[in-house]
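Asks: Quick one: sequence and predicted model below, then my questions.
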Amino acid sequence: MQRRILAAAAAGLLLPRGLRAQALGGGRTMRIIVPYSPGGATDALSRFLAPRLSRLLDLNVVVENRAGGNSIVGTEAALRAAPDGLTLAMIDLAFVVNPAMYASLPYDAQRDAAPVGLVASAAQVLLLHPSVPARNLGELVALAKARPGQLSFGSAGAGTAVRIAGEQFRMAAGIEILHVPYRGGGEAQAAIASGDVSMIFSGEAQAKVMAESGRVRPVAITGPRRGRRMPEVPSFAEAGFPEVDVVTINGLIAPARTPPAVVQQINAAMLQALREPELEQRLLELGFEIVASTPEEFAGWTAQQLPKWEALVRSAGIRPE
């Protein structure tokens with residue numbers, strides 16, 4: 001997804017200092033809840049954004065990891081907090097996938113959340129453990145068909161982009177591979193490094209570091225084009241699987257009933273932080289594409305994504321682990 005910084009946000013959403021002080025500020029503490037264990041892309045993005053929000057909002061912004069339940073535990077904790085703007089969650093694709101997988105969630109993705117803004121997106125690289133005797137995607141598909149159910153892929157949870165990418169690959173290639181869920185991206189990366197799973201999908205920056213260390217072998221990246229960090233890795237579309245196109249996308253949400261002026265204030269600070277050249281460059285190095293949306297655009301994205309992923313969950317038969 002291409003970077004979109006809106007001129008209206010830059011010009012109109014930064015509130016005067018006096019009004020900002022009435023809403024947020026004063027050195028109080030804001031929590032950004034990451035619904036995964038430390039070490040994954042969502043955690044890294046949150047930790048890069050937090051100190052900039054601290055400065056722009058005059059708050060002590062801390063990142064709190066609350067893993068469990070395919071991101072449900074941390075997301076619920078954020079949405080049940082006081083609607084004062086001092087508790088946010090950094091959600092990912094699981095936010096719009098989980099409603100299709102669970103008959104009953106402790107929150108409603110639209111009714112109980114106040115969207116603050118989409119932050120960034122990232123394509124996913126398929127990584128193999130070196131013990132897997134496949135050098136490219138074609139060889140991997142042939143191997144999986146020869147050994148149905150014997151290869152496995154790890155993920156950060158049932159509703160995450162890395163899980164959805166695995167299911168897209170499984171369905172597109174017509175193969176049987178075993179899914180092994182973990183509590184976060186960091187745990188899944190440790191599992192592939194140790195050989196506990198045959199393959200994982202990972203963000204481009206983490207994938208590059210692991211590939212350069214010799215711990216994994218990259219074979220393809222989701223979407224229609226090659227990544228900036230690993231241009232030697234072909235896209236799934238190049239390899240004949242254009243259906244494997246999922247990207248992870250992260251955004252900030254607040255509890256419903258958070259005052260609109262507070263939501264706009266946080267969104268304005270988020271947009272200003274994402275315009276900073278240092279942060280922009282760092283995120284690009286990590287394989288992110290900056291999105292930087294308004295709250296209204298985030299709400300529209302959520303409404304579009306819910307039925308899309310409900311269809312995939314049903315066709316793939318994805319169930320919570």
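Replies: That came in fine, so what should we check first? Numbering: from 1, shown residues only.
Asks: tell me the mean pLDDT for the longest strand seen in the chain?
Replies: For the chain, the longest strand by residue count, based on DSSP state E, is strand 113-122. The predicted model assigns strand 113-122 a mean pLDDT of 96.
Asks: strands paired with it, and their directions?
Replies: strand 248-255 (antiparallel), strand 288-290 (antiparallel) (DSSP bridges).
Asks: thought Ile33 was touching Ile91?
Replies: No: contact criterion Cβ atoms under 8 Å: Ile33 and Ile91 do not qualify, at 9.5 Å. Placement of C-beta: from N, CA and C, glycine included.
Asks: count of residues packed around Ala299?
Replies: Using other Cβ atoms under 10 Å, Ala299 is surrounded by 15 other residues.
Asks: which residues touch Leu137?
Replies: Leu126, Val219, Ala220, Pro234, Phe236, Ala239, Gly240, Phe241 (Cβ atoms under 8 Å, 6 or more residues apart in numbering).
Asks: Let's see that with 10 Å instead.
Replies: 126, 128, 169, 173, 219-220, 234-236, 238-241, 244 (Cβ atoms under 10 Å, 6 or more residues apart in numbering).
Asks: Tell me which stretches of the chain form helices.
Replies: 7-12, 17-23, 41-57, 72-79, 94-101, 137-146, 161-173, 185-194, 204-212, 260-274, 277-285, 295-316 (DSSP state H).
Asks: Would you single out the least confident of these?
Replies: helix 7-12 (a mean of 37).
Asks: follow-up on the earlier one: what about burial for the contacts of Leu137, which qualify?
Replies: Leu126, Leu128, Phe169, Ala173, Val219, Ala220, Pro234, Ser235, Phe236, Ala239, Phe241, Val244 (16 or more other Cβ atoms under 10 Å).
Asks: Find the nearest non-adjacent residue to the fourth one, please.
Replies: By the measure of Cβ to Cβ, 6 or more residues apart in numbering, the closest residue to Ala173 outside its immediate chain neighbours is Val141, 4.7 Å from it.
Asks: Could you list which residues are in contact with that neighbour?
Replies: Val141 neighbours (Cβ under 10 Å, 6+ apart): Ala134, Phe169, Ala172, Ala173, Gly174, Ile175, Ala239, Gly240, Phe241.
Asks: Distance to Glu276 added to those residues, as TSV?
Replies: Formatted as TSV, the contacts of Val141 follow (distance: Cβ to Cβ, whole Å):
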residue	distance to Glu276
Ala134	41
Phe169	36
Ala172	39
Ala173	41
Gly174	46
Ile175	43
Ala239	36
Gly240	40
Phe241	37
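Asks: and which of these is nearest to Pro295?
Replies: Using Cβ to Cβ, Phe169 is the member of the contacts of Val141 that lies nearest Pro295, at 33.4 Å.
Asks: Which residue comes closest to the closest one once chain neighbours are left out?
Replies: Val244 (5.1 Å).
Asks: Settle this for me: the one you found is touching Val162, isn't it.
Replies: No: under the criterion of Cβ atoms under 10 Å, Val244 makes no contact with Val162, lying 11.9 Å away.
Asks: For these two, list the residues in contact with both.
Replies: Gln124, Leu126, Phe201, Thr222.
Asks: Measure how buried the third one is and give me the count.
Replies: Looking back up the chat, that one is Phe201. By other Cβ under 10 Å, neighbour count at Phe201 equals 32.
Asks: Now do the same contact list for it.
Replies: 123-127, 153-156, 160-166, 168-169, 185, 188, 192, 207, 220-222, 244, 246, 248.
Asks: Filter those down to the buried ones and hand me the PyMOL line.
Replies: Filtering the contacts of Phe201 down to the buried ones (16+ other Cβ under 10 Å) takes a single PyMOL command:
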select buried, resi 123+124+125+126+127+153+154+155+156+160+161+162+163+164+165+166+168+169+185+188+192+207+220+221+222+244+246+248
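Asks: Domains of the chain: list them as residue ranges, please.
Replies: 7-120+249-316, 124-221 (automatic domain parsing).
Asks: show me the contacts for the residue nearest to Phe169.
Replies: 124, 126, 137, 164-173, 201, 220-223, 235-237.
Asks: Likewise for Val96?
Replies: Here Val96 is in contact with 109-110, 159, 249, 301-310 (Cβ under 10 Å, 6+ apart).
Asks: Buried ones only from those residues, please, as a PyMOL command.
Replies: Buried residues within these, by 16+ other Cβ under 10 Å, are selected in PyMOL with:
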select buried, resi 109+159+249+301+302+305+306+309
